[in-house]
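Q: have a look; sequence and predicted model below, questions after that.
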Amino acid sequence: MVNNWHRLRKRIHLICFLIFVALPFFNIVRFDIPRERFYFAGFELWINEFAIVFFTMMFLMFLGVVASIFYGRVYCGYLCPQMIFSEASLWLEARLQKLVAKRQISKILARALFYAGVAAASVVLAFVFVAYFVEPRDLLHRLLTLDIRTAGGISGAAVTIVTFLDFTVVRLKFCTTVCPYGYLQGLLGDGNTLLVHYRDESHTCIECKKCVRLCPMGIDIRKSPFQVECIHCAECIDACDEILAKMKKPGLIHYAWGEKGPLARDRRQPWDAKRVIVMIILACYAGGLFTALAMRRAVLVRVAPDRTTMYRLGADGRVYNKFRYTLANRGGKQAAVVFSLQQLPGARLEMESNPVSLTAGASKAGEFEISAPRGAQRELVTHFSILTSTAPDQDTETIPMTFLAPAGSQ
Ligand code: SF4
Ligand code: SF4
C-alpha cells in the first residue's frame, strides 16, 4: 500500500500534540516549580516524597531506553515534539511558496504570513511548555498582563523567542547538531533493533532518487542504514513503494529488525537475553512506582522528641516531655489529625488543639508536651506509642516513642 507510513505518522503527530497539551493541564506529568510539587498520573507529589519521584524518573528514563533498544529512533520520527513542529513549520512554508508560485500572493506577503503564523504558534507552544513548570491559570494571568518581571513571565517570554527561532531557522538541524538522542541511539541499538534498510539483491533500483528528495533529513538511505541523521520516519519507504508500484514491483526500502534481520512486516521483534533483562528492569521500576504510590499517605505525620531538655518537672508533680510535630497535607481536601497515646499509663497530651486541622496542600509544624505522674514510670526510659488518626481518610499511624523521667521516680 502506498503512502501508509506518512499517513500513520501524521495521525500519530496529531495525537502526540494533543497529549503534549493535555499532560500539564490535567496534571498527568507536571513539575510545579513555584510550589515544589510533582504531578504524576493525577497524584500531587511533594518533592520530598523521594521514593515516588525517584521511581517515576527512573521508570520514564528506562522506558525511553527500552523503546530505543527495541524500536531505534522511531521516537524521533513519530513522537518527538521538535520533529512534529519543525515539519509543521516546513509544511506551512511550502504551502505559502506554492501560493507564490501560482501568483496568488506576493513573496513579501507569504513571508509575513509565515512569520505571523510561527509567532502565534510559538506563543501557544511556549505557553504549553512553561505550563509543565508553572500552574496554567497562574501562567495565563501572567501572559494576559504581559508580565516580564517574574521568573514565570520571563521564562515564558524567553521560551517564546527560542521557539520562534527554532521553528523559523533551526528546525531539523536541531536533530543532527544539538540533540544527543541520535548519538545515544548508536550506543543503545544492536543487531535486533528496528531500522530503515535498503535491500536490493535483484538490482531493481531505477536511480530515480525520489527516496533522497523526500527525505526530510536530506540523506540517501541506500548508502547505509546507520546514518546518524536518519530518524526512521519511513518517508523514503513510501517514496520507493510508490515509484516501484508503477512498475508493479515491491519497494526496496523497509523497516527491518537489524541490518541482517527479518523485515518488520514479516516477523515480530526477535527476543534475546538483553531484551528480557531490560524488560525485567523496567517491570521492577514499574513495580516500585506502583508500590510507592499504593503506600502513599495523603497526610504526612512526623513526630520527634525535643531533647534540648530531657524532661521538666511540673509544679503539679508530673513529669513533662516535649515533642515536635510536622504535618503536611499532600491530598486535595481538608484533613484533621487526632493525636492519642498508648502504653503510657496516666499520661496526658498537653496540646493547644487536638485534632489539628490542615487545609489541602498546607503544612503545619508545632509542639506539644506529654505529662505523666512522677513515679508512675518503672524505668528511666519508658517506651510507648503516639497514635495518629487522620480524617477523612481514616488513616492511622503508630509512632514508637520514648518518655524520659528522673531516675528517682523509679
Ligand atoms: S526511490 Fe527506490 S528506486 Fe528510486 S532511487 Fe530510491 S531506492 Fe531506488
Ligand atoms: S532516510 Fe528515510 S527513514 Fe531516514 S530520515 Fe530519511 S526518509 Fe526518514
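A: Thanks, I have it. Numbering: from 1, shown residues only. Ligands and ions are numbered 1, 2, ... in the order given.
Q: partner strands of the helix or strand of the chain with the lowest mean pLDDT and their direction?
A: Lowest mean confidence among the helices and strands of the chain (mean pLDDT, DSSP states H and E): strand 43-46, at a mean of 76. Sheet pairing for strand 43-46, assigned by DSSP bridges, gives strand 37-40 (antiparallel).
Q: how far off centre is the strand it pairs with?
A: When distances are taken as Cα atoms, centre = their mean, to the nearest Å, strand 37-40 is centred 9 Å away from the chain's centroid.
Q: let me see the residues that make contact with it.
A: For strand 37-40, the external contacting residues (Cβ atoms under 8 Å, 6 or more residues apart in numbering) are 27-32, 44-47, 49, 52-53, 56. Placement of C-beta: from N, CA and C, glycine included.
Q: rewinding a little: buried residues in the following helix or strand past the least confident helix or strand of the chain?
A: Per DSSP states H and E, strand 43-46 leads on to helix 50-71 as the next helix or strand towards the C-terminus. Applying a neighbour-count criterion of 16 or more other Cβ atoms under 10 Å, one finds Ile52, Val53, Phe55, Thr56, Met58, Phe59, Phe62, Val66, Ser68, Ile69, Phe70, Tyr71 buried in helix 50-71.
Q: with stretch 318-335 instead?
A: When burial is assessed from 16+ other Cβ under 10 Å, stretch 318-335 yields the following buried residues: 318-323, 325, 327-331, 335.
Q: which one of those is nearest ligand 2?
A: Arg330 (45.1 Å; Cβ to the nearest ligand atom).
Q: quick one, strands of this protein?
A: Ranges of strands in the chain, per DSSP state E, are 29-32, 37-40, 43-46, 194-198, 253-257, 299-305, 312-313, 318-329, 335-342, 348-350, 356-358, 363-373, 381-391, 395-404.
Q: give me whichever of those is most buried.
A: For the strands of the chain, the largest average neighbour count (mean count of other Cβ atoms under 10 Å) is found in strand 194-198, namely a mean of 23.
Q: CA atoms of that one as CSV?
A: Once non-C-alpha atoms are left out, strand 194-198 reads as follows in CSV (Å, rounded to 0.1, in the frame of the first residue of the first chain):
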residue,chain,number,x,y,z
LEU,A,194,14.4,-1.7,14.3
LEU,A,195,15.9,0.3,11.5
VAL,A,196,15.1,1.5,8.0
HIS,A,197,17.0,-0.6,5.5
TYR,A,198,17.5,-0.6,1.7
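Q: how close does Arg312 get to Thr326?
A: 22 Å (Cβ to Cβ, to the nearest Å).
Q: then Gly375?
A: Counting by Cβ to Cβ, the gap from Gly375 to Thr326 is 33 Å.
Q: before we move on, what about Asp32?
A: For Asp32 relative to Thr326 (Cβ to Cβ), the value is 21 Å.
Q: give the contact list for Arg297.
A: By Cβ under 8 Å, 6+ apart, the residues touching Arg297 are Arg330, Thr390, Asp393, Asp395, Glu397.
Q: what number of residues lie near whichever residue of the stretch 1-150 of the chain sits closest to ligand 2?
A: Proximity of the stretch 1-150 of the chain to ligand 2 (Cβ to the nearest ligand atom) peaks at Gly77, 6.3 Å away. If you count neighbours by other Cβ atoms under 10 Å, Gly77 ends up with 25.
Q: and the closest residue to Gly156 other than its chain neighbours, how many neighbours?
A: Using Cβ to Cβ, 6 or more residues apart in numbering and skipping the chain neighbours, the partner closest in space to Gly156 is Val130 (4.8 Å). Residues near Val130, counting by other Cβ under 10 Å, number 23.
Q: Val130: what's it in contact with?
A: Leu139, Gly152, Ser155, Gly156, Val159.
Q: again, but for Lys364
A: Thr326, Leu327, Ala328, Val356, Leu358.
Q: same thing with Pro34?
A: Per Cβ under 8 Å, 6+ apart, neighbours of Pro34: Val134, Glu135, Asp138, Gly152.
Q: which residues in this structure form helices?
A: 4-25, 50-71, 74, 81-101, 107-131, 136-144, 151-165, 173-177, 181-188, 210-213, 235-245, 273-294 (DSSP state H).
Q: mean pLDDT lowest for which of the ones you listed?
A: Ranked by mean pLDDT, the helices of the chain bottom out at helix 181-188, which scores a mean of 79.
Q: and that one, what does it pack onto?
A: Contacting helix 181-188 under the criterion 3 or more Cβ pairs under 8 Å, 6 or more residues apart in numbering; DSSP states H and E are the following elements: helix 50-71.
Q: next helix or strand past the helix it packs on?
A: Heading C-terminal from helix 50-71 (DSSP H and E), you reach helix 74.
Q: quick one: is that following helix near ligand 2?
A: No. Helix 74 does not reach ligand 2 (Cβ under 6 Å from any ligand atom); its nearest approach is 9.8 Å.
Q: which residues touch that helix?
A: Residues contacting helix 74 (Cβ under 8 Å, 6+ apart): Ala67, Leu194, His232.
Q: burial count for the last one?
A: When neighbours are defined as other Cβ under 10 Å, His232 has 21 of them.
Q: and the residue lying closest to Arg296 once chain neighbours are set aside, what does it touch?
A: Distances taken as Cβ to Cβ, 6+ apart place Ile52 nearest to Arg296, at 6.6 Å, with adjacent residues excluded. With contact taken as Cβ under 8 Å, 6+ apart, Ile52 is in contact with Phe40, Phe43, Leu45, Leu289, Ala292, Leu293, Arg296.
Q: Ile52 and Phe290, how far apart?
A: Distance, Ile52 to Phe290, by Cβ to Cβ: 10 Å.
Q: and what of Val53?
A: To Phe290, Val53 is 15 Å away according to Cβ to Cβ.
Q: also Tyr78?
A: Using Cβ to Cβ, Tyr78 is found at 27 Å from Phe290.
Q: between these two, who's got more neighbours?
A: Taking neighbours as other Cβ under 10 Å, Tyr78 and Phe290 compare with Tyr78 leading, 23 against 12.
Q: chain neighbours aside, what residue packs nearest to that one?
A: Ile12 (4.9 Å).
Q: alright, that wraps it up for me.
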